[in-house]
Structure formats: C-alpha cells, structure tokens
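Enquirer: I'll drop the sequence and a predicted model, then ask my questions.
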Amino acid sequence: MTMNERKQNKDQQARINYSLPIIIKGKNIEGRAFSEKTMAENVTRRGVFFTTKQPLIPGSVIRIYANDTPTQAIAKVEVVWVKHQKPQGVGTKLIGRNEAWIKFLLQNSLSAIEETVPEELNKTS
C-alpha cells in the first residue's frame, strides 16, 4: 500500500445513510443570514451531507441545531463540496469538537431503534 493509499483510507469514514431533521443557520453566498429546516441525509462522526435551498459555496460556515433545541448549536461545520443536482445539498466537515454532534446522533439512533422494535419485545415480564 502506498503512502497516498494509506492517507485516502485514513481520510475515509463510514457514512451512514440516515435522515434526520435539523435546522441550519448561516450566511449564503449573498451574505444574507438564513435559518432553514432541512434533513441531514447521511452522517459521519466528523461530517454531514444535508439538503438545502440556500446558495452556498465551499468554505461557508454553518451551524446545525436539533429541531427541538433551535437555540443551542449541536455542530459547527464548513462546506467542503456542493451538489447542484436534485436533491441540492452540501457535504460538510465539522469544525472543532464533536461531542454534541455525537450525542445528537446517538440519541436519534436510540429513538429510531425503539420505534422499530416490535411492541411485544418492549414488554417486560
């Protein structure tokens, strides 16, 4: 394995296709502040792809909020790439610490599991 191949493997992370409702806030390419309810379509521990109607460019900084706590950011991300085809969206990487993001992902994963477990398995004897 070459040094380049090792770096590519290290940089790759497991992406999980997972639709989560989120709120994104930032400034678009016109410099206008926005707040938009949208969906995180796939996630990693260090980034997220989300759909957006906002015109964004690589380098844009966006804050992500959970729908139930729209005043407390759970992540700060930087746009890395833009998808112009439908569904339009952006791939991002987390800036700074990721504890709140990981906690958000875990809480939503547990909620999703609880919703899919048959009721009879949830009953205790």
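Expert: Received, thanks. Numbers count the residues shown, from 1 in each chain.
Enquirer: from now on I want contacts and neighbour counts done on CA atoms only, so please keep to that.
Expert: Noted.
Enquirer: measure how buried the residue nearest to Ala75 when sequence neighbours are not counted is and give me the count.
Expert: Closest residue to Ala75 apart from its sequence neighbours, by C-alpha to C-alpha, 6 or more residues apart in numbering: Ile64 at 5.1 Å. Residues lying near Ile64 (other C-alpha atoms under 10 Å) number 23.
Enquirer: can you tell me which residues contact Ile64?
Expert: 22-25, 73-77 (C-alpha atoms under 8 Å, 6 or more residues apart in numbering).
Enquirer: shaky segments in the protein?
Expert: By pLDDT under 70, the weakly predicted segments of the chain are 1-16, 110-125.
Enquirer: ranges for the strands of it?
Expert: Listed in chain order, the strands of the chain (DSSP state E) span 16-27, 33-43, 47-51, 61-66, 69-83, 89-94.
Enquirer: can I get the ones you listed in TSV with distance to Lys103?
Expert: Output for those, formatted as TSV (distance: least, C-alpha to C-alpha, whole Å):
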stretch	distance to Lys103
strand 16-27	14
strand 33-43	13
strand 47-51	14
strand 61-66	11
strand 69-83	9
strand 89-94	14
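Enquirer: looking at the ones you listed, which is nearest to Ile102?
Expert: Closest approach to Ile102 among these (C-alpha to C-alpha): strand 69-83, 8.9 Å.
Enquirer: show me what the closest one is packed up against.
Expert: Applying 3 or more C-alpha pairs under 8 Å, 6 or more residues apart in numbering; DSSP states H and E, one finds that strand 69-83 contacts strand 61-66, strand 89-94, helix 99-116.
Enquirer: given the second one, what are its sheet partners and their directions?
Expert: Same thing as strand 89-94. Note on strand 89-94: by DSSP bridges, its sheet partners are strand 47-51 (antiparallel), strand 69-83 (antiparallel).
Enquirer: same check on the first one?
Expert: Using DSSP bridges, the strands paired with strand 61-66 are strand 16-27 (antiparallel), strand 69-83 (antiparallel).
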